[in-house]
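> Please work out how this folds:
(chains A and B)
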Amino acid sequence: DGGITQSPKYLFRKEGQNVTLSCEQNLNHDAMYWYRQDPGQGLRLIYYSQIVNDFQKGDIAEGYSVSREKKESFPLTVTSAQKNPTAFYLCASSISSVAYEQYFGPGTRLTVT
Amino acid sequence: DAKTTQPNSMESNEEEPVHLPCNHSTISGTDYIHWYRQLPSQGPEYVIHGLTSNVNNRMASLAIAEDRKSSTLILHRATLRDAAVYYCILRSVEYGNKLVFGAGTILRVKS
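Residues are numbered from 1 along each chain as shown, chains lettered A, B, ... in the order given. Modelled structure (predicted):
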């Protein structure tokens, strides 16, 4: 089955620790995205990548980092510099950055205490 | 970035049509209107999109006003599985074709 995988579904960390969220897609899509969602709110774009070895900051990139070394993988690291890291994190992909449809993964709920 | 305005919530009866409104008075000529929906604790899924003409697909219909300042997502027969948050989004070429999500409309479906 083609799709986007995010793991784990739930993640718990202590404050001050960096944590990396996994996102893998087997759709052969060029573009990938990371969003953050807080309770009762819409999604906000953290980072996006239009092609391998390239990525751009979204609206709320501070305290986050990404890499895109392989087409199918786009991991997100939440660093200790992120002031409010507890949130629902969603990864998405699309055929290209101008494609009309983004496909979303199931999300990772990160709790930092 | 282009903005949309949607009601916070709406309620519908099962098996009846649902019309979800969206205002986008600052839309520019090249902005596409997209609709996504998000079921509880899941990622959003694409519903439909359009530019100027009304659009139909297997999930829904999109009616776009002639002046493009508003649009309506139509679910022809609501089911309990349609209960979700529906997002109306303007996709702007000037904003790098990125999707900008608002708070959306919570649709509740009663049996």
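> pLDDT wise, what is residue 98 at?
By default, I'm working from chain A. Turning to residue A:98, the model gives it a pLDDT of 80.
> that answer is for a different chain, and I need it for chain B
So, for residue B:98, pLDDT stands at 82.
> For it, which non-adjacent residue is closest in space?
residue A:45 (6.1 Å; C-beta to C-beta, 6 or more residues apart in numbering or on different chains). Placement of C-beta: from N, CA and C, glycine included.
> How about residue A:98?
residue B:97 (5.1 Å).
> before we move on, what about residue A:22?
In space, residue A:22 is closest to residue A:7, 4.9 Å off (C-beta to C-beta, 6+ apart).
> Likewise for residue B:53?
Counting by C-beta to C-beta, 6+ apart, the residue nearest residue B:53 is residue B:64, at 7.0 Å.
> My read is that the one you found contacts residue B:35, right?
No: using C-beta atoms under 8 Å as the test, residue B:64 is too far from residue B:35 to be in contact (11.3 Å).
> higher neighbour count, these two?
residue B:35 (24 against 20; other C-beta atoms under 10 Å in any protein chain shown).
> and the more buried one, what pLDDT?
Taking residue B:35 on its own, its pLDDT is 97.
> send the alpha carbons of the helix or strand containing it over as PDB?
Here residue B:35, judged by DSSP states H and E, is contained in strand B:32-38. The C-alpha coordinates for strand B:32-38 follow below in PDB (Å, rounded to 0.1, in the frame of the first residue of the first chain):
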ATOM      1  CA  TYR B  32      -7.200  28.300  -6.000                       C
ATOM      2  CA  ILE B  33      -9.900  27.400  -3.500                       C
ATOM      3  CA  HIS B  34      -9.200  24.200  -1.700                       C
ATOM      4  CA  TRP B  35     -11.200  22.200   0.800                       C
ATOM      5  CA  TYR B  36      -9.700  19.600   3.200                       C
ATOM      6  CA  ARG B  37     -11.300  17.800   6.100                       C
ATOM      7  CA  GLN B  38      -9.800  16.300   9.200                       C
END
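> So which residues make contact with it?
A:100, B:20, B:22, B:24, B:27, B:44-51, B:60, B:62, B:64, B:68, B:71, B:73, B:82, B:84-91, B:99, B:101, B:104 (C-beta atoms under 8 Å, 6 or more residues apart in numbering or on different chains).
> And residue A:36, how far from residue B:109?
Separation of residue A:36 from residue B:109 (C-beta to C-beta, to the nearest Å) stands at 28 Å.
> if you count what's nearby, which of those two comes out ahead?
Neighbour count, other C-beta under 10 Å: between residue A:36 and residue B:109, residue A:36 has more, with 23 against 20.
> hang on, that one is in a strand, isn't it?
Yes: counting by DSSP: H, G, I helix; E, B strand; the rest coil, residue A:36 is part of a strand.
> For beta bridges, what are the partners of it?
residue A:44, residue A:89 (DSSP bridges).
> Equivalent analysis for residue B:13, please.
residue B:110.
> Tell me if residue A:28 really is in a strand.
No: with three-state DSSP as the criterion, residue A:28 is located in coil rather than a strand.
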